[in-house]
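> The sequence and its predicted three-dimensional model are supplied below.
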4 protein chains.
Amino acid sequence: MQKLKYGMVGGGQGAFIGAVHRKAAALDGQIELVAGALSSNPSRARASGEEIGLEDGRNYESWEAMLESEMKLPPDKRIDFVTIVTPNHVHYPVAKAFVQAGIHVVCDKPLVHTLEQASDLIRAAEANNVVFAVTYNYTGYPMVRQARDMVRAGMLGFIRKVIVEYNQGWLSTKLEDTQSKQADWRVDPARSGAAGAMGDIGSHAENLVSTITELEVSHLCADLTHFVEGRTLDDDANMLLRFKGGAKGVLIASQIQIGGENDLRIRVLGSKASLTWHQENPNYLIFDGLEGPRQILTRGSSYLSDSAKKATRLPTGHPEAFIEAFANVYLGAAEAIRASKEGHVLGPLEGDYPTIYDGARGVHFIHKTVESSKSDVKWLEASWAKSLRSEGVL
Amino acid sequence: MQKLKYGMVGGGQGAFIGAVHRKAAALDGQIELVAGALSSNPSRARASGEEIGLEDGRNYESWEAMLESEMKLPPDKRIDFVTIVTPNHVHYPVAKAFVQAGIHVVCDKPLVHTLEQASDLIRAAEANNVVFAVTYNYTGYPMVRQARDMVRAGMLGFIRKVIVEYNQGWLSTKLEDTQSKQADWRVDPARSGAAGAMGDIGSHAENLVSTITELEVSHLCADLTHFVEGRTLDDDANMLLRFKGGAKGVLIASQIQIGGENDLRIRVLGSKASLTWHQENPNYLIFDGLEGPRQILTRGSSYLSDSAKKATRLPTGHPEAFIEAFANVYLGAAEAIRASKEGHVLGPLEGDYPTIYDGARGVHFIHKTVESSKSDVKWLEASWAKSLRSEGVL
Amino acid sequence: MQKLKYGMVGGGQGAFIGAVHRKAAALDGQIELVAGALSSNPSRARASGEEIGLEDGRNYESWEAMLESEMKLPPDKRIDFVTIVTPNHVHYPVAKAFVQAGIHVVCDKPLVHTLEQASDLIRAAEANNVVFAVTYNYTGYPMVRQARDMVRAGMLGFIRKVIVEYNQGWLSTKLEDTQSKQADWRVDPARSGAAGAMGDIGSHAENLVSTITELEVSHLCADLTHFVEGRTLDDDANMLLRFKGGAKGVLIASQIQIGGENDLRIRVLGSKASLTWHQENPNYLIFDGLEGPRQILTRGSSYLSDSAKKATRLPTGHPEAFIEAFANVYLGAAEAIRASKEGHVLGPLEGDYPTIYDGARGVHFIHKTVESSKSDVKWLEASWAKSLRSEGVL
Amino acid sequence: MQKLKYGMVGGGQGAFIGAVHRKAAALDGQIELVAGALSSNPSRARASGEEIGLEDGRNYESWEAMLESEMKLPPDKRIDFVTIVTPNHVHYPVAKAFVQAGIHVVCDKPLVHTLEQASDLIRAAEANNVVFAVTYNYTGYPMVRQARDMVRAGMLGFIRKVIVEYNQGWLSTKLEDTQSKQADWRVDPARSGAAGAMGDIGSHAENLVSTITELEVSHLCADLTHFVEGRTLDDDANMLLRFKGGAKGVLIASQIQIGGENDLRIRVLGSKASLTWHQENPNYLIFDGLEGPRQILTRGSSYLSDSAKKATRLPTGHPEAFIEAFANVYLGAAEAIRASKEGHVLGPLEGDYPTIYDGARGVHFIHKTVESSKSDVKWLEASWAKSLRSEGVL
């Protein structure tokens, strides 16, 4: 199997998520980092590239330079895709440029700041026929796929209710005043976008619900708060959800829950059974049926769905975790990119990754929660399909 | 120590909670059951009383007969208090009559159907100087008291948010069609009151929040649902809360969460620390501070508060559970009743039990959630103090 | 149902286990404490009896006085049984005297100090036809009975291995030097017997294995240690076991595991399935079969065995715990005592309690572990049946 | 930073652990696979190499060919080290040859079959000055390093007892009759060595004890069993341990615990505190001190030791797992290899990996457990230092 080649934009010294992307991409020996423009600061970009062993000629000082130079290389030398791991506000211009050049994209979330930008990117991606993955990395966990497959197979019956939470505590105090690079941009509307906790982690929660249940939010009622004085963006969000078809939901996202580490968890309640999954203990999925004892499904077991098995590297009891899930998103995108390169049609289990449509829905959702929080209307209409259709993209 | 004597109204054959009250009252050897009118059906009342060994002369066919006969006994033979464990709609007339006779009351929750009834009972209890306990039994858990005491001591700082859930699954299907006595009356508005799940379990959740944080709800935004076709009362409730002083909250109560057994849990998030407690694993309290590792406090430990220690019978690792917590409510009420009999003033750790004011607040809360659920107003004013004041009782 | 009447020997002020017995006996309203000789010190005996509300005339200054007086009462006034909760070395004379008087006995464990005493008591109990229960209280947990019933039903196949642990930490330091009444007698061979941790808690572990698996130890290889300087009895014990029929085992008991509260746990490994149970989380039983996900059985469920259901008071999720399990031992003994009084034959689910034979086996086991620990022989023959037969009692 | 280059012997199609090594080595972008002799069958070796994208000229048909060809390359092109992941019986000749050629070695465990082979390899490694890592991968977990560092820092006081378990269930039935490649060689003495479960997983348990406590076993008393009929090697092992200095221990290893996935766990009991760690939930370490509540230390926290922090890639709550721990062993060996290449001295946190001495101690331990199991002597002398000294290597 030929390795795919990629370049990275962002992810230089001091960044967190760029290094995670590199590890995830490297893990399975199918994807190779060959180029980078790792910082918007040219000298830091160079230094960062040297540190991780980028070849001199492809250690670029800007993403524009990278795009230009790579396009001059023969196709079999050129990067197959670009990974964008800059602060949120830079996603849009970079993604747009690479898409227009016909280069596949893996972009961090939230996709962009506005729904207009998201719609524009969708149009561009469709026009240029590129694969565009958005790293809602939690969907890469095997037991998340198992949950989705069980819902699809009807094992839960009619879905009645979904409770999703994503709780962290690291912004419980005013960390942004302490030179924390991670905190600094996240609380800044210019770089982070319209929402704080909702954009950073609430959007993962939304995506997890959507991935597992494939339900669409119809209305929501949100209460966003910034508890730490001096902030303008929310550090805490609570909301009630209503889905098309009658399901109800609760979404809780907080960055001020002291003791919360990265506590993403979901419960899906159906008329026949319930499912519970917890990101901090990700190798297990709890199943409660109407009859009989609670069951603890474990990653690596023979009774799991094909897509859950495919997302697994190790036997049961040999835990897999965050990076492995992240790598599964890369493997899914890589399958789609290979298929695109070779002009073949994806098999039923191939190309399992979150797409630009997930990204756009996330942007829409973030904006609706902010709008709802400011509104006196109890139930804000929040169908993303309707919104995108009005943008002419669906 | 002289044992207190009590009579029971309700709790005959086929009832669940009456037997729990009897075990809780008996546990510590301080309280003795001497009389009963265990059913509204005279012959079932007699049979039920015989089954549990009531003395013939005090095995009454109706609560009216019990009240009349007991009042004729000399005070040292007469029951010291009555326990009311009938279906909800009977609480009010029975409680009123015994209160007016000057007999102390232990009444199951929810207290009554309407706020007017609650106010009326408060006035009567105050006028007759009786102890009136409402068995919000979960407040009897030692680690709930520990949580309250830690909040009181300021160990959490400013309370920012409270998340409380009470999830059960036993009404996931239409159990009321299967001759389940427990299900039958709970889904009937005439006997259960204005709400279903909210009245039965949501009111416990409200009480737990109030007990631990001593915060008062100012506004709420509720979404009540009956998922099982044919029901008129909610079997599921989700709501956002706002408290006086700025704290936010989420309350989830459901009787259609398959696999939910009696899953009452609470998280209290402060500016300095968080607390987590789970009723199904009640001997532990999780404490997360801004610094250092998570701590697991255990019942029976020397570092606990005086009231948590007082509510404890066994050393750590020898689990105590539901009945013991229930018995703590009885012990608290018994202390208050003894003090009342002896005319002495309660010590600082005495008389730790939920009162008629808790009961009234619960009734108010239930009604407000029903009102909110039907309303298009996002934030319904829900201050119970204001409501009770308008009833002239606060 | 007529209440049974009992008297208590031991369990006065400052004692721990006596109060537990009283609560356990009182819980279900079927058993009544009517007499006591609560201390070997006459004035403390009186004071203790007053404190718990014993009637003056039956608040005895010695067990001899109690026995004499009670025997003079007409049978329907007299105590039906005696509960013995003195330090270990007093069990034998008291039990012997009451048994010879034809009074049923509930005795704490370990039964007595020597196998000769145990054999003698067995002969006496058989001769006098009395019920003799030994409070191996952990066998009263519903999920322990469920485990036993699943083994009996063959659901585990051939039992290959048993791992049992009982870990505490309270003797990690020299507590006996700090006026701890509980620690003081336990580390004293004259009052505690031949072993320390083995007698106090290791014997519970042995009993749990025997109750659940009904296997008989054939050989053992023990290593007993006293880690805290100045002790003569073991505060830690580890051993390998061999059972008749080929199963293997490991038993670990420690009172110097800091952080160990009352950590009794057992795993039973069969050729078809495994079971895991943990006393500190007693409402659950983990079942692992050869196929399919792990199952978590919960107390109160409809799929449990009849004897597990019978030992249950509350629905699932309403936890029951230590005292309730203890009370189940009393209920079992009470059934046997009632049957004895009424001359009827016990039904298949009646009389489920640990007997004097369990007590004798425990004494034998304790002695064998002490012998093995001192020996260079790897596998010490430890069949209790053979030993008792040589005493002429089996 | 220049990437290290390595070749792999073994790990072809159908193998499990070879792929794990490749992922672990690739994860951090510091180590590159450039050569391989992936099977003892030449055509399968070629096919396996092609599958993972080995360059044609370095996709060797035998390890002898690989060694010969690589030695002809200039040092800066040549592999820096070889990873040996063949069945156990092949470790010795391959390791010997590469060591003698001065090539660093990463070898799977158990190191070799006999203590003589181990001693011979130690002598060769010392003579040729090569880095020789043995992949006791569980020592790579950050919380294992934290545990070791807490023991070293005296936070547990005097170590009194260690309980280690490694339980699996996959050999509960006769899997070797079902064409399982993994089961097949493990139950074959010719390929697996003197022990079954003890060699495969018991040796990990021994290594974990040794790594965390740095105690040396002085005597042991083992009971090895093969429960599944037709096996000659143990599928279950239980033993008592005695350490130099007075600590006691219990080691349990089983491959017939149905439901056991990869259940490696350890408890270390000291005079001041206890530690508990569980491989299936590896991001946490439980600390119990003499005073105060239980503490749950989590990977990624600021309060951890430097070596625990160094072994960490992600913030708390973003779980790391098996492959990441495995990669830490590679990173430690890589530091040592780089130091060796550059002639510099390792810093205090560098080169943290299990060495050939760990490997030799493991071989010695396996043999002693087998010897003890067959012996009537209760306490078999089992000091590995003494044994190695008698081999002239220590």
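In hand now; what should we look at?

> which residue does the stretch 51-200 of chain A bring closest to chain C?
A:Q146 (11.0 Å; Cβ to the nearest Cβ). Glycine gets a C-beta too; all of them are placed from N, C-alpha and C.

> quick one: the helices in chain A?
A:17-26, A:42-51, A:63-72, A:88-100, A:115-128, A:142-152, A:181-186, A:189-192, A:197, A:203-213, A:306-310, A:322-342, A:356-374, A:384-390 (DSSP state H).

> My guess is the residue of the stretch 51-200 of chain A closest to chain C contacts A:F287. True?
No: if you go by Cβ atoms under 8 Å, A:Q146 and A:F287 don't touch, sitting 9.5 Å apart.

> Identify whichever of the helices of chain A lies nearest to B:R160.
Nearest to B:R160, of all the helices of chain A, is helix A:197, at 12.8 Å by Cβ to Cβ.

> Looking at that closest one now, give me its mean pLDDT.
For helix A:197, mean pLDDT is 95.

> What lies in contact with that helix?
A:L171, A:L224, A:L233, A:D234, A:D235, A:D236, A:A237, A:A253, A:S254, A:Q255 (Cβ atoms under 8 Å, 6 or more residues apart in numbering or on different chains).

> Low-confidence ranges, chain A, go.
A:394 (pLDDT under 70).

> May I see the domains of it written out as residue ranges?
For chain A, automatic domain parsing gives the domain ranges A:4-138, A:141-316+A:361-372.

> Mean neighbour count added to those, as CSV?
CSV is the format used below for the domains of chain A (neighbours: other Cβ atoms under 10 Å in any protein chain shown):
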stretch, mean neighbour count
domain A:4-138, 21
domain A:141-316+A:361-372, 21
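
> With distance to B:G49 added, can I get these in JSON lines?
Formatted as JSON lines, those follow (distance: least, Cβ to Cβ, whole Å):
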{"stretch": "domain A:4-138", "distance to B:G49": "59"}
{"stretch": "domain A:141-316+A:361-372", "distance to B:G49": "37"}
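
> quick revisit: in TSV, list the helices of chain A along with distance to A:N281.
As requested, those are exported to TSV (distance: least, Cβ to Cβ, whole Å):
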stretch	distance to A:N281
helix A:17-26	20
helix A:42-51	34
helix A:63-72	38
helix A:88-100	29
helix A:115-128	33
helix A:142-152	10
helix A:181-186	24
helix A:189-192	29
helix A:197	22
helix A:203-213	15
helix A:306-310	16
helix A:322-342	12
helix A:356-374	24
helix A:384-390	31
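
> quick one: A:A253 and A:I201 touch, right?
Yes: under the criterion of Cβ under 8 Å, A:A253 makes contact with A:I201 at 5.2 Å.

> So for those two, which residues contact both of them?
Residues touching both A:A253 and A:I201 (Cβ under 8 Å, 6+ apart) are A:Y166.

> Let me see the contact set for the closest residue to A:I266 other than its chain neighbours.
Leaving aside its sequence neighbours, A:I266 sits nearest to A:V164 (Cβ to Cβ, 6 or more residues apart in numbering or on different chains; 4.6 Å). Neighbour list for A:V164: A:A205, A:E206, A:L208, A:V209, A:G249, A:V250, A:L251, A:I252, A:L264, A:R265, A:I266, A:R267 [criterion: Cβ under 8 Å, 6+ apart].

> wait, what's in contact with the residue nearest to the spatial centre of chain A?
For chain A, A:Y136 is the residue whose C-alpha lies nearest the centre (Cα atoms, centre = their mean; 1.6 Å). For A:Y136, the contact set (Cβ under 8 Å, 6+ apart) comprises A:K109, A:S203, A:H204, A:N207, A:L208, A:T211, A:V329, A:P354, A:D358, A:G362.

> what are the phi and psi values for it?
Main-chain torsions, A:Y136, degrees, to the nearest 10: phi -70, psi 80.

> for A:G10, same thing?
Dihedral pair for A:G10: phi 90, psi -180, per degrees, to the nearest 10.

> I'd guessed it sits against A:L38; true?
Yes: counting by Cβ under 8 Å, A:G10 touches A:L38, with 6.7 Å between them.

> okay, and the common contacts of the two?
Taking Cβ under 8 Å, 6+ apart as the criterion, A:G10 and A:L38 both touch A:G18.

> what residues does the stretch 201-350 of chain A put near chain D?
A:260-263, A:279-283, A:298, A:300, A:313-324 (Cβ under 8 Å from any Cβ of the partner chain).

> Show me what stretch A:315-323 is in contact with.
Under Cβ under 8 Å, 6+ apart, the answer for stretch A:315-323 is A:20, A:23-24, A:27, A:137, A:142, A:282-283, A:298-301, A:312-314, D:16, D:27, D:168, D:170, D:260-263, D:279-282, D:313-314, D:318-324.

> now it: how far from the chain's centre is it?
When C-alpha coordinates are averaged (Cα atoms, centre = their mean, to the nearest Å), stretch A:315-323 and its chain have centres 20 Å apart.

> can I get the CA coordinates of that stretch in CSV?
Output of stretch A:315-323 as CSV, limited to C-alpha atoms (Å, rounded to 0.1, in the frame of the first residue of the first chain):
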residue,chain,number,x,y,z
PRO,A,315,-7.6,-7.2,21.4
THR,A,316,-10.0,-6.5,24.3
GLY,A,317,-8.3,-5.3,27.4
HIS,A,318,-5.5,-3.7,25.6
PRO,A,319,-7.0,-0.2,25.8
GLU,A,320,-7.0,2.1,22.8
ALA,A,321,-7.7,5.7,23.4
PHE,A,322,-7.7,9.3,22.1
ILE,A,323,-4.9,9.1,19.5
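
> Next up, the contacts around the closest residue to A:L27 other than its chain neighbours.
Nearest residue to A:L27, sequence neighbours excluded (Cβ to Cβ, 6+ apart): A:A327, at 4.3 Å. For A:A327, the contacting residues are A:K23, A:A24, A:A25, A:L27, A:D28, A:G140, by Cβ under 8 Å, 6+ apart.

> what do you get if the cut-off is 10 Å, keeping everything else the same?
A:20-21, A:23-28, A:30-31, A:137, A:140, A:311, A:313, A:320, A:334, D:23, D:27, D:323 (Cβ atoms under 10 Å, 6 or more residues apart in numbering or on different chains).
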